[in-house]
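Student: Here is a sequence with its predicted model. Questions after.
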Amino acid sequence: MTVIHPSAIVDPGAELGSGVEVGPFTIIEKDVSIGDNTWIGPHVVIRNHTTIGRDNKIFQFSSVGEQPQHQGYAGEPTRLVIGDRNVVREYCTLNRGTAGHLGETRIGNDNFIMAYVHIAHDCTLGDHIIFANGASLAGHVDIGDYAIMGGFSLVHQFCKVGAHCITGIGAICFQDVPPFIVAAGNSAQPYGINTKGLHRRDFSEETITLLKRAYRLLYRSNLDLKTAITQIERLAPGNKAVTVFSEFLRCSERGVIRR
């Protein structure tokens with residue numbers, strides 16, 4: 001059974017699944033789809049061209065699916081797409097995409113987005129990501145699965161943050177952050193492999209050791225980037241994590257953070 005508070009405003013053109021709850025004074029516009037058993041708190045605004053999956057929780061005063069903060073935006077019907085089982089805490093701002101790029105902002109599944117987080121236009125988030133309070137993404141940013149963004153971390157436009165990495169409080173990322181590492185500072189610098197996080201996710205000791213060797217080749221061997229990538233690729237060609245690490249480096253367009 002869908003429950004809508006009498007003070008909420010829900011456009012007849014919105015589609016609400018079974019078990020959806022909408023809190024007081026919330027506004028949901030047309031061309032919004034909300035999946036089953038999603039809870040929308042009070043004073044939330046969900047703008048048109050927004051798709052939200054099932055079993056999500058969106059807390060009070062969040063702005064979901066607002067127009068992108070982009071001077072070239074001219075009202076095109078771009079989208080925000082949110083997956084399943086995400087938690088969006090208070091005062092978050094999640095913007096739609098722009099017509100000149102992806103055309104949508106996409107948030108995956110099982111993410112925990114704490115208060116005051118900003119996710120700008122055309123960003124792509126994977127699954128099982130944690131954003132601590134105040135972390136912000138500029139436009140066109142990609143965040144890999146299981147990444148943890150520390151409080152007030154900032155990521156520059158067109159940067160990529162790799163899977164299973166973690167950024168420290170106030171980290172400012174002007175370039176790509178490779179997967180599996182710890183990054184901190186302004187500008188963000190690497191501080192080793194995210195060993196504790198990898199242990200929690202059942203990475204083998206062999207894989208963690210190989211990733212540490214890959215890290216040393218990249219950051220402590222005085223090799224240029226191209227040579228370091230070649231050496232990393234030779235470490236363990238059959239190891240999936242090492243392959244992910246080397247492919248991320250090879251595909252980087254903005255360059256990766258360095259010491």
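Tutor: Alright, I've got the coordinates.
Student: where in this protein is pLDDT low?
Tutor: Applying pLDDT under 70 to the chain picks out no residues at all.
Student: Let's check: the centremost residue of it is which one?
Tutor: For the chain, the residue nearest the mean C-alpha position is residue 125 (3.5 Å; CA atoms, centre = their mean).
Student: Could you check how far that one is from residue 239?
Tutor: Distance, residue 125 to residue 239, by CB to CB, to the nearest Å: 26 Å. In short, each C-beta sits where N, CA and C put it, glycine included.
Student: now do residue 247
Tutor: Where residue 239 is concerned, residue 247 sits at a distance of 12 Å (CB to CB).
Student: Pull the contacting residues for residue 105.
Tutor: 79-81, 94-97, 119-124 (CB atoms under 8 Å, 6 or more residues apart in numbering).
Student: do the same with residue 127
Tutor: Here residue 127 is in contact with 83, 108, 109, 110, 111, 145, 146 (CB under 8 Å, 6+ apart).
Student: if you set the cut-off to 7 Å instead, what comes out?
Tutor: Counting by CB atoms under 7 Å, 6 or more residues apart in numbering, residue 127 touches 108, 109, 110, 111, 145.
Student: How about residue 170?
Tutor: Residues near residue 170 by CB under 7 Å, 6+ apart: 152, 153, 186.
Student: make it 6 Å
Tutor: Shown in contact with residue 170 (CB atoms under 6 Å, 6 or more residues apart in numbering): residue 152.
Student: Between residue 247 and residue 239, which is the more surrounded one?
Tutor: Applying other CB atoms under 10 Å to residue 247 and residue 239 shows that residue 239 carries more neighbours, namely 17 against 14.
Student: Can you tell me, leaving aside adjacent residues, what's nearest to the more buried one?
Tutor: Spatial nearest neighbour of residue 239, chain neighbours left out: residue 210 (5.6 Å); criterion: CB to CB, 6 or more residues apart in numbering.
Student: Am I right that the one you found sits in a strand?
Tutor: No - counting by DSSP: H, G, I helix; E, B strand; the rest coil, residue 210 falls outside a strand, being helix.
Student: coming back round to it: among the contacts of residue 127, which ones are in strands?
Tutor: Here DSSP state E is the test, and these give no hits in strands at all.
Student: Any chance of the residues you listed in CSV with distance to residue 254 and neighbour count as columns?
Tutor: Shown next, in CSV, are the contacts of residue 127 (distance: CB to CB, whole Å; neighbours: other CB atoms under 10 Å):
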residue, distance to residue 254, neighbour count
108, 22, 20
109, 27, 19
110, 27, 16
111, 23, 24
145, 20, 18
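Student: Go through these and say which is closest to residue 34.
Tutor: residue 109 (15.3 Å; CB to CB).
Student: Just to check, the residue nearest to residue 239 is in contact with residue 242?
Tutor: Yes - using CB atoms under 6 Å, residue 210 makes contact with residue 242 at a distance of 5.2 Å.
Student: intersection of neighbour lists for these two?
Tutor: 235, 236.
Student: nearest residue to residue 233 other than its sequence neighbours?
Tutor: residue 246 (4.8 Å).
Student: Relative to residue 144, how far out is that neighbour?
Tutor: Separation of residue 246 from residue 144 (CB to CB): 15 Å.
Student: ok so, going back, where's the residue nearest to the centre of the chain relative to residue 21, distance?
Tutor: 24 Å.
Student: repeat for residue 190
Tutor: Using CB to CB, residue 190 is found at 43 Å from residue 21.
Student: out of these two, which sits in the busier spot?
Tutor: Per other CB under 10 Å, whichever of residue 190 and residue 21 has more neighbours is residue 190, with 21 against 18.
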